[in-house]
Structure formats: structure tokens, C-alpha cells
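Novice: Build the 3D model from these lines:
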Amino acid sequence: MSKIKIAIAGVGNCASSLVQGIHYYRDKNFQDAIGLMHWEIGGYKPGDIEVVAAFDIDRRKVGKDVNEAIFAGPNCTTVFCPDLYASGVTVQMGRILDGFSDHMQEYEDKYTFVPADEPEPDLAEVVKILKDTDAQILLNYMPVGSEEATRFYAECALEAGVAFINNIPVFIASNPEWAKRFREKNIPLIGDDIKSQLGATITHRTLTDLFKKRGVKLERTYQLNTGGNTDFLNMLNRHRLASKKKSKTEAVQAVAANRLANENIHVGPSDYVPWQKDNKVCFIRMEGRLFGDVPMDLELRLSVEDSPNSAGVAIDAVRCAKLALERGQGGVLEAPSAYFCKHPPRQFTDDEAFHMTESFIAKDRDNVREMSDYRCWQGQQIAAQV
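Specialist: Here you go, the predicted structure:
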């Protein structure tokens with residue numbers, strides 16, 4: 001099959017894990033495909049994704065081959081696919097705008113970025129690169145709080161006619177005006193703010209939904225997160241956190257039996273711990289009441305490598321965007337947005353979003369059932385071989 005040609009805005013830890021994952025799964029088969037929600041979507045496997053353009057503002061990345069740049073500082077995520085050949089794709093200088101926070105200049109270079117001494121491209125130049133490289137999908141990996149930069153790249157996607165996947169908590173897909181513009185141009189849009197494969201938000205949502213289904217009244221809850229990557233350093237500037245806190249909080253509130261008062265729910269990044277690097281530690285506490293109005297509480301600690309935790313979700317989002325392009329379907333892709341993102345235009349439970357996404361992939365319920373039967377058969381064959 002043809003390649004899915006993607007462009008990346010922001011060659012940070014998440015982009016590093018995505019690119020590594022594309023190569024890691026390229027030579028594997030179904031039986032060895034650990035860590036994926038879908039091995040195939042529309043006939044496309046992870047290895048069918050190809051990076052054709054990339055943008056960044058760090059001098060250690062700009063001008064480098066993308067397969068080299070993903071390992072450059074301040075990236076600090078796990079290297080699980082180290083031996084990458086040169087891709088032939090050079091990281092281009094991007095627009096800075098609000099793509100970094102001034103307070104980060106107070107830290108050593110190994111912890112933060114070093115601005116590149118290159119002229120910034122305007123919208124027309126970025127659009128030209130997207131068109132010249134035949135990019136089909138643009139992934140936004142700007143730092144949290146990059147409102148202007150995100151809108152810039154969304155505008156580039158609209159002008160270039162490429163699908164846009166907004167992985168960060170700046171509201172594009174969930175903004176009616178932006179959603180309308182993508183719909184009018186019939187360009188696929190997925191967003192906003194990517195969920196991890198098994199991270200703090202999806203775990204917190206699942207437990208909140210469990211409380212509701214088991215008749216436990218949730219009274220108070222918090223989610224505290226610490227990490228040592230550039231994103232956590234960036235988020236020490238609390239002014240950049242408004243959309244992030246709203247996105248994460250709404251993701252939990254949306255599945256609660258009753259919305260909690262603001263003083264009874266706290267969800268959001270908490271602190272930057274340099275030695276944690278890309279490891280994210282999450283602490284969740286939930287207080288509620290059981291049968292007979294008897295109190296209970298739950299505490300959970302989750303430790304995950306942050307960037308690989310989102311890469312498998314991004315690989316699925318890319319392939320769903322490609323399906324939409326092939327079908328001539330534009331505007332917000334409701335099902336993938338609800339399943340893959342924390343702040344979609346409409347919130348659904350994760351079970352609902354899962355079934356909606358399976359239906360989107362298979363086109364209709366009969367195909368979903370056939371796919372489910374096929375997967376059961378595959379599982380039986382694998383079990384028999386073991």
C-alpha cells in the first residue's frame with residue numbers, strides 16, 4: 001500500500017517516540033506487535049507511516065536529519081529503537097511565537113532548548129514545504145500553552161489542505177469556529193490533547209466511571225503528576241496551564257455520575273523533578289461513599305514513560321486521519337477525537353468512544369462484528385501456536 005506521509009511540528013520527546021515506533025514495528029508481525037491498540041487500520045500498519053517534513057526551533061535539531069534530531073537534547077525519553085538510518089528529511093526552522101516560555105532560559109541547556117539562529121518561516125513558506133513534500137497529515141506537538149503557535153500550524157494545515165491532529169491542549173477541534181473551517185474545506189481534524197495509552201487521565205476516567213456504575217458516590221478527587229521532561233519544565237509557568245487543567249479536569253468530570261464542585265476536584269501537573277526525565281509519576285486519590293453511606297477512599301500511584309505512552313495512540317490517530325482522507329471525509333472526526341483525545345468536541349465514555357472508533361474504522365456495525373470475530377480467530381490461532 002502507499003505510505004501515509006506525515007509532517008511533525010515540534011521534534012520533542014513525543015515525536016521521538018512516534019518516529020522510533022514507526023521503525024520499531026516495521027519489521028514485526030502481528031504476533032510480536034506488543035503495545036498497539038490496532039495492528040492494522042484500513043490495511044495500514046505502523047511501518048506504513050513516513051515522516052516527510054518536520055519543524056522545530058532548537059539549534060540542536062534544526063538542519064539535522066529527523067532520525068538524528070529525535071535523539072538530540074533536551075529530549076530524554078527512552079530509546080527503544082536506536083539504530084535508525086538517515087531518513088533524508090531535514091528538520092526545518094519553525095515559527096517560535098509562544099512555543100516556549102521565557103522562564104525556561106534560566107535552566108541549563110541540557111534541560112531546556114537552545115533557540116536556533118535561523119530566520120523564522122512565514123505561513124506561505126510552511127505551506128509550501130507541506131505541499132512540496134506531499135504531506136497528508138500534520139501533527140501538532142507544540143509545548144503546552146502554545147496557543148499562537150498551534151493556531152499558526154492549524155492555519156498552515158488549512159492552507160495546504162492536509163489533515164491536522166492536535167495532540168496538545170489548545171482548543172482547535174473543540175473550538176466551533178476552527179471546526180467549522182475544517183469542515184467547510186473538507187479537511188480531517190482530530191483533537192484536542194492526546195490521551196496516553198494507559199496514563200493518568202484514562203486511568204482516572206476509568207475509575208470514575210467504575211464508581212458511577214457500581215453506585216459509589218464520588219465526593220472528592222485529585223490527580224497530581226510529576227515529571228522531568230521539557231513539558232513539565234514548561235508547565236512551571238502556571239499561566240500556560242489554563243487549557244491543560246481544563247482539558248484534564250473535563251475529561252474526568254465528563255464521566256462522573258454528577259459533576260463535582262470545583263473545590264472538590266483537582267487535576268493537573270504538579271511539579272518538575274529533573275531526575276525523573278521522561279518518567280511521569282501520577283498520584284490519584286478518590287473519596288466516596290458506599291452502601292449505607294459508609295465512607296471509602298482509594299489511592300493509586302502510576303509510573304509510566306510519558307512519551308511512548310502516547311505514541312501508540314498517535315499512530316492510530318494518523319491512520320484514522322488517512323482513512324478519512326481516502327473517504328473524502330472532512331471536519332472533526334468525532335469518534336477518533338473522543339477515543340484518542342482528552343478534550344474532544346463531545347465527550348463520551350471510553351467504552352462508547354471505543355465502539356464508535358471501531359465502527360469508524362470498519363465503516364459499519366456488520367464489519368465491526370466481522371473484525372471482532374476475526375480478532376478472536378487470530379487470538380485462538382496464536383494461543384494454539386503457544
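Novice: Which pLDDT value belongs to I8?
Specialist: Per-residue pLDDT puts I8 at 98.
Novice: That one against A53, yeah?
Specialist: Yes: contact criterion CB atoms under 8 Å: I8 and A53 qualify, at 7.4 Å. For every residue, glycine as well, the C-beta is placed using N, CA and C.
Novice: now the strands: where do they sit in the stretch 151-300 of the chain?
Specialist: Assigned by DSSP state E, counting those that start in this stretch, the strands in the stretch 151-300 of the chain fall at 163-166, 188-190, 217-227, 265-272, 279-289, 295-305.
Novice: Just give me the lowest mean pLDDT stretch among those.
Specialist: In terms of average pLDDT, strand 265-272 trails the rest of the strands of the stretch 151-300 of the chain, at a mean of 90.
Novice: so what strands line up beside that strand?
Specialist: Strand 265-272 has these partner strands in its sheet, going by DSSP bridges: strand 217-227 (parallel).
Novice: Return the partner strand as PDB; C-alpha atoms alone will do.
Specialist: Only the C-alpha atoms of strand 217-227 are listed here, as PDB (Å, rounded to 0.1, in the frame of the first residue of the first chain):
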ATOM      1  CA  LYS A 217     -20.900   8.400  45.300                       C
ATOM      2  CA  LEU A 218     -17.600  10.200  44.400                       C
ATOM      3  CA  GLU A 219     -17.200  13.200  46.700                       C
ATOM      4  CA  ARG A 220     -13.600  14.400  46.200                       C
ATOM      5  CA  THR A 221     -10.700  13.500  44.000                       C
ATOM      6  CA  TYR A 222      -7.300  14.700  42.900                       C
ATOM      7  CA  GLN A 223      -4.700  13.800  40.400                       C
ATOM      8  CA  LEU A 224      -1.100  15.000  40.900                       C
ATOM      9  CA  ASN A 225       1.600  14.500  38.300                       C
ATOM     10  CA  THR A 226       5.400  15.000  38.400                       C
ATOM     11  CA  GLY A 227       7.900  14.500  35.700                       C
END
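Novice: Please list the residues outside stretch 118-127 that contact it.
Specialist: By CB atoms under 8 Å, 6 or more residues apart in numbering, the residues outside stretch 118-127 that reach it are 55, 59, 62-63, 92-96, 129, 152-153, 155-156, 159-160.
Novice: Could you tell me which of those residues count as buried?
Specialist: Buried subset of the contacts of stretch 118-127 (neighbour count, 16 or more other CB atoms under 10 Å): 55, 59, 62, 92-95, 129, 152-153, 155-156, 159-160.
Novice: one step back: right, and out of the contacts of stretch 118-127, which lies closest to Q276?
Specialist: Each of those was checked against Q276 using CB to CB; the closest is R59, at 25.4 Å.
Novice: for the chain, which residue is closest to the average position?
Specialist: For the chain, the residue nearest the mean C-alpha position is I194 (3.0 Å; CA atoms, centre = their mean).
Novice: Show the pLDDT at that one.
Specialist: I194 carries a pLDDT value of 97.
Novice: quick one, helices of the stretch 101-250 of the chain?
Specialist: 123-132, 147-160, 176-184, 200-213, 230-234, 242-253 (DSSP state H, counting those that start in this stretch).
Novice: Now render those helices as JSON lines, adding distance to S101 and mean pLDDT.
Specialist: Compiled in JSON lines, the helices of the stretch 101-250 of the chain are given as follows (distance: least, CB to CB, whole Å; pLDDT from 0 to 100):
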{"stretch": "helix 123-132", "distance to S101": "22", "mean pLDDT": "98"}
{"stretch": "helix 147-160", "distance to S101": "12", "mean pLDDT": "98"}
{"stretch": "helix 176-184", "distance to S101": "24", "mean pLDDT": "98"}
{"stretch": "helix 200-213", "distance to S101": "22", "mean pLDDT": "97"}
{"stretch": "helix 230-234", "distance to S101": "5", "mean pLDDT": "91"}
{"stretch": "helix 242-253", "distance to S101": "13", "mean pLDDT": "93"}
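Novice: Figure out which of those is closest to G12.
Specialist: Nearest of the helices of the stretch 101-250 of the chain to G12, taken as CB to CB: helix 230-234 at 6.3 Å.
Novice: and the closest one, what other elements does it pack with?
Specialist: For helix 230-234, the packing partners by 3 or more CB pairs under 8 Å, 6 or more residues apart in numbering; DSSP states H and E come out as strand 265-272.
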